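> build me a model:
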Amino acid sequence: MSFCSSLSPPQSLSLFSKPKAFSTGDYKPATISVSSRFRASADVPDFLSADWLESRKKKPFGPRLNFSAEEAVQNQLDALKYNDQPRPDYGIEVMYRFAGFDPFERSTYFGPFFDLGQFERFRRIFHHSTYRVLLCHKERKILSSLFVEESQFKQRVWICGSRPEEEEIFQFTMVQRVGGSMDGYWLTESVLHDGDAFAGGLAY
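Sure, this is the predicted structure:
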C-alpha cells in the first residue's frame, strides 16, 4: 500500500457542527446562530444627522489666519462685550483661545506671573474687581495703536463698564506667531490694566 493511500481525504468546512444523536435515533444538525452576534448593532443608526456636515464646518471662534492685529483685538473685545452669549462666560472662552501663553509655564498675560494652564483660573481673574469691567461692557474707545515691531502690536483701550462709574484702561499686546501650526496668526501676549490691578493680592 502506498503512502498516499494511507492519508485520509480532507474534511470539508461547514457551518454545521457534528451531528448530535437524539433518543429517537434521528440525527439533527445543530446550526450556529449568527443573529445574536449582530443584535447589539441593531440600535446603531446607519445614517448621519442632517446637520452633521454643517456642524463639522463650524469651528470654535478664535484666531483666524486672515485676522489683522487690529481685528484680533476687536473680535476679543466684542466677545467680552457679549460675554454671556450664547452661554455664560463664552467671551472669556474666546479670550483663552486667543491667548498665546504656554499652558505648562507661568505667564505674565495679566502682568504678574500666574499659572493659567487651567481655564478656570484664567476665568476667575476676569471676574476680579479690575478686569470684570470688560465683561458685558457698554462702551469702549481706542486710545492708541502702535506696531512696536513688524510682529508685535499694542493697543490701549478705554472701557466703560455696565456698572455705574465703572471705567478702566487696558493695553492689549498682540504677537504674530512665526513657525509651527499657528504660523502667521495674531495671538494675545498680554492684557494689562493701566494701574496696579493686583495691589491687594489675588486668590485664584
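
> element containing the closest residue to Val94 other than its chain neighbours?
Leaving out its chain neighbours, the residue that sits closest to Val94 by C-beta to C-beta, 6 or more residues apart in numbering is Ala79, at 3.8 Å. Every C-beta, even on glycine, is put in place using the N, C-alpha and C of the backbone. Assigned by DSSP states H and E, Ala79 belongs to helix 69-81.

> elements contacting that helix?
When contacts are defined as 3 or more C-beta pairs under 8 Å, 6 or more residues apart in numbering; DSSP states H and E, helix 69-81 sits against helix 90-98, strand 139-149, strand 152-160, strand 167-176, strand 186-193.

> for that helix, give the mean pLDDT please.
The predicted model gives helix 69-81 an average pLDDT of 97.

> going forward, begin numbering at 7 instead of 1
Yes, from this point I'll number from 7; that puts the last item at helix 75-87.

> buried sites along it?
Of the residues in helix 75-87, those buried under the neighbour-count criterion (16 or more other C-beta atoms under 10 Å) are Ala75, Ala78, Val79, Gln80, Asn81, Gln82, Leu83, Ala85, Leu86, Lys87.

> tilt between it and helix 96-104?
Interaxial angle of helix 75-87 relative to helix 96-104 (axes from the mean of the first three to the mean of the last three C-alpha atoms, to 10 degrees): 150 degrees.

> next, the angle strand 173-182 makes with helix 75-87.
When the same axes, to 10 degrees is applied, the directions of helix 75-87 and strand 173-182 differ by 130 degrees.

> who touches helix 75-87?
Taking contacts as C-beta atoms under 8 Å, 6 or more residues apart in numbering, the residues outside helix 75-87 that touch it are 67, 69, 73, 96-98, 100-101, 104, 140-143, 146, 151, 153, 159, 161, 163, 178, 180, 182, 192-194.

> over to stretch 94-108?
Around stretch 94-108, the neighbours that count as contacts under C-beta under 8 Å, 6+ apart are 66-69, 78, 81-82, 85-90, 113, 115, 122, 125, 128-129, 132, 141, 181, 183, 193-195, 197.
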